[in-house]
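Enquirer: Show me how the following folds:
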Amino acid sequence: KFIWFTFVTMLISSIISFFAMNTYYQQHLKAENNDKYLAVATSIIEYADGLSSQQVKKTLTMLGDVGYQLYVTDGDVVDRFGWKFRDESIDEANIQQVLNGEVFNGIKEFPRETFVTGFFSNELENTVGVPLEIDGENYALFLRPNIKLLFHELHLLFGGMAAGIVFLSVVGMLLVARLLIKTITRLTEAT
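Expert: All right, here's what the predicted structure looks like:
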């Protein structure tokens, strides 16, 4: 009974933690991630200001190689840097919005309401977009981190955390069981 109680407690704790983590992501981290990557995209366009198209392409290629997925379009032609998006469908109005000089907050608005899975969704709609000018032409730059590169680290982190929780729970429950058994043993001996 005690072992079953331990595993049921761990299962319930895991479920509660999972939903708490997802709620925290939706309420706080989602907007923070959007703003963080928007700041990266803004610094890219500030750096690219005044560079030739070849220099901009070299910069974007380098950024794609170090862990960003970039999608640059003038509305007709598309250039990709880094890994391709699994789903490159995006509303034409969003592209026009960026081409017209506005910012696109796709990470913040990505429609995954309950689960943190939206963070891992490799879709063009799940990006931030900023206007970029190259050689006097207007482009829309959409950016997000390459989650495949980051996922290995997250996988190890979450796996280690889960193993630690299981190990500490079992050790804690065994210590509690031993204390209970010790008291019962003393009572039995006294009887």
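Enquirer: Poorly predicted segments of this structure, please.
Expert: 1-3, 111-120, 148-157, 159-160 (pLDDT under 70).
Enquirer: Scan it for its longest helix.
Expert: Counting residues, the longest helix in the chain under DSSP state H turns out to be helix 147-190.
Enquirer: Check the offset of that one from the chain's centre.
Expert: Chain-centre distance of helix 147-190: 28 Å, with Cα atoms, centre = their mean, to the nearest Å.
Enquirer: Show me what that helix is packed up against.
Expert: Packing partners of helix 147-190 (3 or more Cβ pairs under 8 Å, 6 or more residues apart in numbering; DSSP states H and E): helix 2-24. Heads up, the C-betas are built off the backbone N, CA and C, glycines and all.
Enquirer: Give me the phi and psi for residue 28.
Expert: Main-chain torsions, residue 28, degrees, to the nearest 10: phi -130, psi -60.
Enquirer: Residue 76 too?
Expert: Torsion angles at residue 76 (phi, psi; degrees, to the nearest 10) stand at phi -120, psi -60.
Enquirer: quick one: contacts for it?
Expert: Residues near residue 76 by Cβ atoms under 8 Å, 6 or more residues apart in numbering: none.
Enquirer: if I look at it, how far off is residue 39?
Expert: To residue 39, residue 76 is 28 Å away according to Cβ to Cβ, to the nearest Å.
Enquirer: Okay then, goodbye and thanks.
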